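Visitor: Sequence and predicted structure below; questions after.
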Amino acid sequence: MPHEVRAVVARKRGAPVEVQPVNVPDPGRGEALISVQACGVCHTDLHYREGAINDEFPFLLGHEAAGVVEEVGDGVTDLLPGDYVVIAWRAPCGSCRSCRRGRPWYCFASRNAAQPMTLLDGTPLSPALGIGAFAEKTLVAAAQAVKVDPAARPEVAGLVGCGVMAGYGAAVNTGGVTSGDTVAVIGCGGVGNAAVAGASLAGARRVIAVDIDSAKLDGATRFGATHVVNSRWADPVETVRQLTGGHGADVVIDAVGRPETYQQAFAMRDLAGTLVLVGVPDPETTIDLPLIDVFSHGGALKS
């Protein structure tokens with residue numbers, strides 16, 4: 001029998017979101033019903049509401065959550081009701097060409113719940129990042145539910161499901177920050193500060209935080225930034241170069257995703273430096289880069 005719960009729904013592009021009742025099915029084979037304890041507010045949810053991800057309205061928003069397993073479907077052997085979990089937006093299939101090569105983080109057939117959650121009139125909802133956790137309960141593929149220590153508060157644990165792993169992963173996995181590197185991070189919200197923390201934990205000797213908000217820069221220092229640059233008042237490219245002996249940073253992370261910040265990040269790299277884009281861009285935006293600089297500067301442009 002479906003569970004009628006309250007949820008945050010974006011019905012159409014740019015319209016105010018609504019809290020309204022939705023139906024969440026009992027879990028089918030390979031699925032888990034999660035009672036959501038906390039869900040972070042991520043900028044990506046705004047992108048969904050604005051139609052910047054796709055136009056599969058209506059959306060059930062929310063994707064950065066922790067909760068408790070309420071029920072599991074047939075075939076689920078590694079979860080039990082009562083398990084405390086973080087909900088992940090990737091559940092590697094184990095059988096696609098990437099998983100078979102030992103790269104499950106690039107899985108091309110990541111699993112989500114097969115059954116749709118719906119409005120009360122039966123209209124299927126598109127859950128944000130396959131989760132839809134701005135709801136009292138949500139239905140996910142069981143492999144999306146990752147058991148964690150129950151001592152972690154849900155409003156903290158939920159952040160690991162998106163912002164923390166996105167920022168930390170951008171620095172440590174994609175950016176490959178290692179001991180002694182210099183790192184610059186543009187944008188010091190949740191994702192950016194997770195990148196700052198990741199770079200610091202990886203042993204970077206200098207972590208430079210860049211933002212236009214002094215309060216966010218103060219926060220960045222608590223996550224491990226050694227220097228801060230308020231780009232409202234100072235040229236961030238020139239300042240980063242000054243702080244790195246005139247060379248630029250080994251790794252630059254753009255946690256904003258705007259053409260202006262990407263071009264700044266591109267320009268503040270050292271020779272053979274790495275640029276990692278982790279901020280979600282609007283699909284309508286483009287960038288112009290001098291191709292000779294791409295060639296002569298070397299390094300890597302990643303996302």
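Guide: Perfect, thanks for sending it.
Visitor: Pass me the low-pLDDT residue ranges in the stretch 151-300 of the chain, would you?
Guide: Within the stretch 151-300 of the chain, no stretch has pLDDT under 70.
Visitor: ranges for the strands of it?
Guide: 182-186, 206-211, 227-230, 249-254, 269-277, 300-302 (DSSP state E, counting those that start in this stretch).
Visitor: Please identify the deepest-packed of those strands.
Guide: Mean neighbour count (mean count of other CB atoms under 10 Å) peaks for strand 182-186 among the strands of the stretch 151-300 of the chain, with a mean of 31. Every residue, glycine included, has its C-beta placed from N, CA and C.
Visitor: ok, back up a step: with distance to Gly14 as extra columns, can I get the strands of the stretch 151-300 of the chain in CSV?
Guide: Below are the strands of the stretch 151-300 of the chain laid out as CSV (distance: least, CB to CB, whole Å):
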stretch, distance to Gly14
strand 182-186, 27
strand 206-211, 27
strand 227-230, 31
strand 249-254, 25
strand 269-277, 25
strand 300-302, 31
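Visitor: who wins for proximity to Leu61 among those?
Guide: Closest approach to Leu61 among the strands of the stretch 151-300 of the chain (CB to CB): strand 269-277, 23.2 Å.
Visitor: still on that earlier bit, Met117 is nearest to which of the strands of the stretch 151-300 of the chain?
Guide: Nearest to Met117 among the strands of the stretch 151-300 of the chain is strand 269-277; the distance by CB to CB comes to 31.1 Å.
Visitor: can you give me the helices in the stretch 201-303 of the chain?
Guide: Remark: helices assigned in the stretch 201-303 of the chain by DSSP state H, counting those that start in this stretch are 214-222, 236-243, 259-267, 291-297.
Visitor: got those helices as a markdown table, with distance to Met165 and mean neighbour count columns?
Guide: Shown next, in a markdown table, are the helices of the stretch 201-303 of the chain (distance: least, CB to CB, whole Å; neighbours: other CB atoms under 10 Å):
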| stretch | distance to Met165 | mean neighbour count |
| --- | --- | --- |
| helix 214-222 | 18 | 16 |
| helix 236-243 | 26 | 20 |
| helix 259-267 | 21 | 20 |
| helix 291-297 | 29 | 11 |
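Visitor: Any chance of CSV for those, columns distance to Asp26?
Guide: Converted to CSV, the helices of the stretch 201-303 of the chain look like this (distance: least, CB to CB, whole Å):
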stretch, distance to Asp26
helix 214-222, 42
helix 236-243, 52
helix 259-267, 45
helix 291-297, 53
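Visitor: Mind checking those for the one nearest to Phe57?
Guide: Among the helices of the stretch 201-303 of the chain, helix 259-267 comes nearest to Phe57, with 26.7 Å by CB to CB.
Visitor: So which elements touch the closest one?
Guide: Where contact means 3 or more CB pairs under 8 Å, 6 or more residues apart in numbering; DSSP states H and E, helix 259-267 is packed against strand 182-186, helix 236-243, strand 249-254, strand 269-277.
Visitor: okay, these in a markdown table with distance to Ala143 next?
Guide: Shown next, in a markdown table, are these (distance: least, CB to CB, whole Å):
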| stretch | distance to Ala143 |
| --- | --- |
| strand 182-186 | 31 |
| helix 236-243 | 40 |
| strand 249-254 | 28 |
| strand 269-277 | 26 |
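Visitor: Helices of the stretch 51-200 of the chain, start to end?
Guide: Under DSSP H, counting those that start in this stretch, the stretch 51-200 of the chain gives helices at 97-100, 154-159, 165-169, 190-201.
Visitor: And the contacts of the last one?
Guide: In this case it means helix 190-201. Residues from elsewhere that reach helix 190-201 (CB atoms under 8 Å, 6 or more residues apart in numbering): 40, 42, 159, 163-172, 175, 177, 181, 183, 185-186, 188, 207, 209, 211, 216, 219-220, 223-225, 251, 253, 255-256, 278-279.
Visitor: if we go to 6 Å?
Guide: 163-164, 166-168, 170-172, 177, 183, 185, 207, 209, 219-220, 223-225, 253, 255, 278 (CB atoms under 6 Å, 6 or more residues apart in numbering).
Visitor: do the same with the third one
Guide: Counting contacts by CB under 6 Å, 6+ apart, the residues outside helix 165-169 that touch it are Val191, Ala194, Ala195, Gly198, Val278.
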